[in-house]
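[1] Predicted model and sequence below, questions to follow.
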Amino acid sequence: MTIHEPTITPTIIDLLPAPGEWTEAFYYIVSERGRLVELSDGNLEILPMPTDYQQLILGRLFIALFTFANQYKLGQVRFAPLPVRLWPGKIREPDILFMSAAHTNRIEKYWGVPDLVVEIISEGDAKRDRIEKLEDYAQAGIPEYWIVDPETKIVDVFRLEGESYKLLAHLAESDSLASPTFPGLTYNLKDLFALA
(Lines give C-alpha, C1' and ligand atoms only; values in the text may rest on other atoms or scores of the structure.)
Protein backbone atom coordinates (compact mmCIF):
# COMPACT_ATOMS: atom_id res chain seq x y z
CA MET A 1 0.00 0.00 0.00
CA THR A 2 1.36 3.37 -1.02
CA ILE A 3 0.72 6.42 1.10
CA HIS A 4 0.45 9.63 -0.89
CA GLU A 5 1.29 13.00 0.58
CA PRO A 6 -1.66 15.37 0.33
CA THR A 7 -1.34 17.85 -2.51
CA ILE A 8 -1.50 21.44 -1.40
CA THR A 9 -2.77 23.72 -4.11
CA PRO A 10 -1.83 27.38 -3.67
CA THR A 11 -4.70 29.85 -3.66
CA ILE A 12 -4.68 33.42 -4.89
CA ILE A 13 -4.11 34.53 -1.29
CA ASP A 14 -0.80 32.66 -1.28
CA LEU A 15 0.39 34.84 -4.15
CA LEU A 16 -0.30 38.12 -2.38
CA PRO A 17 2.10 39.90 -0.03
CA ALA A 18 1.65 39.29 3.69
CA PRO A 19 0.54 42.16 5.96
CA GLY A 20 3.39 44.63 6.29
CA GLU A 21 5.01 43.44 3.04
CA TRP A 22 2.97 45.32 0.44
CA THR A 23 5.07 47.44 -1.92
CA GLU A 24 4.15 50.29 -4.25
CA ALA A 25 4.40 47.91 -7.21
CA PHE A 26 1.77 45.59 -5.73
CA TYR A 27 -0.33 48.55 -4.62
CA TYR A 28 -0.52 49.94 -8.16
CA ILE A 29 -1.59 46.56 -9.55
CA VAL A 30 -4.62 46.64 -7.24
CA SER A 31 -5.27 50.38 -7.53
CA GLU A 32 -5.15 50.42 -11.32
CA ARG A 33 -7.93 47.85 -11.39
CA GLY A 34 -10.25 50.46 -9.89
CA ARG A 35 -10.11 49.40 -6.25
CA LEU A 36 -10.32 52.05 -3.53
CA VAL A 37 -7.16 51.26 -1.58
CA GLU A 38 -4.30 53.06 0.14
CA LEU A 39 -0.78 51.93 1.05
CA SER A 40 0.50 52.57 4.56
CA ASP A 41 3.44 50.99 6.36
CA GLY A 42 3.49 47.96 4.05
CA ASN A 43 -0.24 47.37 4.46
CA LEU A 44 -3.00 47.66 1.92
CA GLU A 45 -5.94 49.56 3.42
CA ILE A 46 -9.29 48.98 1.73
CA LEU A 47 -11.40 52.14 1.77
CA PRO A 48 -15.14 52.11 2.42
CA MET A 49 -17.38 52.72 -0.57
CA PRO A 50 -18.87 56.23 -0.51
CA THR A 51 -22.57 56.75 0.05
CA ASP A 52 -24.84 58.77 -2.21
CA TYR A 53 -24.77 61.66 0.29
CA GLN A 54 -20.97 61.65 0.47
CA GLN A 55 -20.80 61.74 -3.33
CA LEU A 56 -23.27 64.63 -3.40
CA ILE A 57 -21.09 66.62 -0.97
CA LEU A 58 -17.92 65.71 -2.85
CA GLY A 59 -19.44 66.77 -6.18
CA ARG A 60 -20.64 70.12 -4.86
CA LEU A 61 -17.33 70.95 -3.19
CA PHE A 62 -15.29 69.79 -6.17
CA ILE A 63 -17.29 71.94 -8.59
CA ALA A 64 -16.91 75.02 -6.36
CA LEU A 65 -13.14 74.56 -5.93
CA PHE A 66 -12.52 73.56 -9.55
CA THR A 67 -14.48 76.55 -10.87
CA PHE A 68 -12.75 79.01 -8.54
CA ALA A 69 -9.24 77.63 -9.16
CA ASN A 70 -9.82 77.60 -12.90
CA GLN A 71 -11.26 81.12 -12.99
CA TYR A 72 -8.27 82.60 -11.15
CA LYS A 73 -5.68 80.19 -12.61
CA LEU A 74 -4.67 79.04 -9.12
CA GLY A 75 -3.85 75.44 -10.05
CA GLN A 76 -5.44 72.02 -10.51
CA VAL A 77 -8.27 70.38 -8.55
CA ARG A 78 -9.03 66.64 -8.72
CA PHE A 79 -11.11 64.06 -6.87
CA ALA A 80 -10.72 60.42 -5.83
CA PRO A 81 -9.77 57.91 -6.88
CA LEU A 82 -6.33 59.35 -7.62
CA PRO A 83 -3.26 58.01 -5.79
CA VAL A 84 -1.13 60.62 -4.02
CA ARG A 85 2.40 59.55 -3.09
CA LEU A 86 3.23 61.31 0.17
CA TRP A 87 6.62 59.58 0.45
CA PRO A 88 8.00 56.17 -0.56
CA GLY A 89 5.62 53.50 0.72
CA LYS A 90 2.85 55.93 1.76
CA ILE A 91 0.07 56.43 -0.79
CA ARG A 92 -3.23 58.03 0.11
CA GLU A 93 -6.33 58.82 -1.96
CA PRO A 94 -7.86 62.06 -0.64
CA ASP A 95 -11.45 62.76 -1.67
CA ILE A 96 -10.47 66.14 -3.15
CA LEU A 97 -7.00 67.51 -3.78
CA PHE A 98 -5.53 70.79 -5.02
CA MET A 99 -2.12 71.47 -6.54
CA SER A 100 -1.14 75.13 -6.87
CA ALA A 101 0.12 76.44 -10.19
CA ALA A 102 3.56 76.83 -8.58
CA HIS A 103 3.74 73.08 -7.91
CA THR A 104 2.33 71.55 -11.10
CA ASN A 105 5.71 69.86 -11.63
CA ARG A 106 4.51 67.42 -8.92
CA ILE A 107 1.77 66.15 -11.25
CA GLU A 108 2.63 63.12 -13.32
CA LYS A 109 0.57 59.96 -13.90
CA TYR A 110 -0.19 60.18 -10.18
CA TRP A 111 0.28 63.13 -7.87
CA GLY A 112 3.07 64.06 -5.53
CA VAL A 113 2.40 66.10 -2.39
CA PRO A 114 -0.49 68.54 -3.04
CA ASP A 115 -1.16 71.93 -1.46
CA LEU A 116 -4.57 71.03 -0.01
CA VAL A 117 -6.45 67.79 0.66
CA VAL A 118 -10.06 67.22 1.66
CA GLU A 119 -11.41 64.08 3.31
CA ILE A 120 -15.13 63.40 3.62
CA ILE A 121 -15.61 61.10 6.61
CA SER A 122 -17.17 57.73 5.87
CA GLU A 123 -19.49 56.18 8.42
CA GLY A 124 -17.42 54.43 11.11
CA ASP A 125 -14.12 55.63 9.61
CA ALA A 126 -13.49 58.93 11.44
CA LYS A 127 -10.30 57.70 13.14
CA ARG A 128 -8.48 57.27 9.82
CA ASP A 129 -9.27 60.85 8.73
CA ARG A 130 -9.01 62.60 12.11
CA ILE A 131 -5.89 60.86 13.45
CA GLU A 132 -3.96 58.76 10.92
CA LYS A 133 -4.35 60.97 7.86
CA LEU A 134 -4.00 64.15 9.93
CA GLU A 135 -0.55 62.90 10.99
CA ASP A 136 0.38 61.62 7.50
CA TYR A 137 -0.60 64.83 5.72
CA ALA A 138 1.26 66.95 8.27
CA GLN A 139 4.37 64.77 7.94
CA ALA A 140 4.17 65.11 4.14
CA GLY A 141 4.06 68.91 4.51
CA ILE A 142 0.62 69.53 2.99
CA PRO A 143 -0.17 73.15 3.93
CA GLU A 144 -3.93 72.75 4.38
CA TYR A 145 -6.29 69.89 5.27
CA TRP A 146 -10.08 69.95 5.45
CA ILE A 147 -12.19 67.29 7.16
CA VAL A 148 -15.85 67.25 6.14
CA ASP A 149 -18.21 65.35 8.43
CA PRO A 150 -21.56 64.63 6.71
CA GLU A 151 -23.11 63.24 9.89
CA THR A 152 -22.52 66.30 12.11
CA LYS A 153 -22.45 68.74 9.16
CA ILE A 154 -19.13 70.18 10.37
CA VAL A 155 -16.07 71.20 8.35
CA ASP A 156 -12.72 71.48 10.14
CA VAL A 157 -10.03 73.50 8.38
CA PHE A 158 -6.46 72.77 9.46
CA ARG A 159 -3.39 74.80 8.54
CA LEU A 160 0.15 73.43 8.88
CA GLU A 161 2.27 75.27 11.43
CA GLY A 162 5.73 73.78 11.76
CA GLU A 163 5.34 70.01 11.81
CA SER A 164 1.71 69.77 12.90
CA TYR A 165 -1.70 71.13 12.02
CA LYS A 166 -3.47 73.90 13.86
CA LEU A 167 -7.26 74.04 13.73
CA LEU A 168 -7.98 77.20 11.77
CA ALA A 169 -11.78 76.92 11.71
CA HIS A 170 -14.49 74.61 13.07
CA LEU A 171 -17.43 75.42 10.81
CA ALA A 172 -21.08 74.47 11.27
CA GLU A 173 -23.82 74.24 8.67
CA SER A 174 -24.76 77.89 9.28
CA ASP A 175 -21.20 79.10 8.52
CA SER A 176 -19.36 79.87 5.30
CA LEU A 177 -16.15 78.14 4.30
CA ALA A 178 -13.14 80.34 3.56
CA SER A 179 -9.52 79.33 3.07
CA PRO A 180 -6.07 80.92 2.77
CA THR A 181 -5.42 78.53 -0.13
CA PHE A 182 -8.35 80.03 -2.08
CA PRO A 183 -8.30 83.75 -1.21
CA GLY A 184 -11.66 85.35 -1.93
CA LEU A 185 -13.64 82.10 -1.99
CA THR A 186 -16.59 81.76 0.37
CA TYR A 187 -18.87 78.75 0.27
CA ASN A 188 -22.12 78.52 2.22
CA LEU A 189 -22.08 75.21 4.11
CA LYS A 190 -25.88 75.11 4.18
CA ASP A 191 -25.67 74.61 0.42
CA LEU A 192 -22.93 72.00 0.80
CA PHE A 193 -24.89 69.87 3.27
CA ALA A 194 -28.36 70.29 1.71
CA LEU A 195 -30.12 67.08 0.77
CA ALA A 196 -30.57 66.37 -2.92
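    Arrived safely. Numbering: from 1, shown residues only.

[2] can you list the weak-confidence ranges in the protein?
    Residues of the chain meeting the criterion pLDDT under 70: 1-10, 12-13.

[3] where along it do the helices fall?
    Listed in chain order, the helices of the chain (DSSP state H) span 12-15, 24-31, 52-71, 126-127, 133-140, 189-193.

[4] just how off-centre is the second one within its chain?
    Here the centre of helix 24-31 is set off from its chain's centre by 17 Å, with Cα atoms, centre = their mean, to the nearest Å.

[5] For that helix, give me every contacting residue.
    Outside of helix 24-31, the residues within contact range by Cβ atoms under 8 Å, 6 or more residues apart in numbering are 16-17, 37, 39, 44, 81, 83, 85, 88-89, 91. From N, CA and C alone the C-beta is placed, and that goes for glycine too.

[6] Just the ones of those in strands?
    Of the contacts of helix 24-31, the ones assigned to strands by DSSP state E are 37, 39, 44, 85, 91.

[7] What residues are bridge-paired with the closest residue to the last one other than its chain neighbours?
    Using Cβ to Cβ, 6 or more residues apart in numbering and skipping the chain neighbours, the partner closest in space to residue 91 is residue 39 (4.2 Å). Taking DSSP bridges as the rule, residue 39 bridges to residue 44, residue 91.

[8] What spatial separation is found between the most centrally placed residue in the chain and residue 129?
    Central residue check for the chain by Cα atoms, centre = their mean: the C-alpha nearest the mean position is that of residue 94, 1.3 Å away. The spacing between residue 94 and residue 129, counted by Cβ to Cβ, to the nearest Å, is 10 Å.
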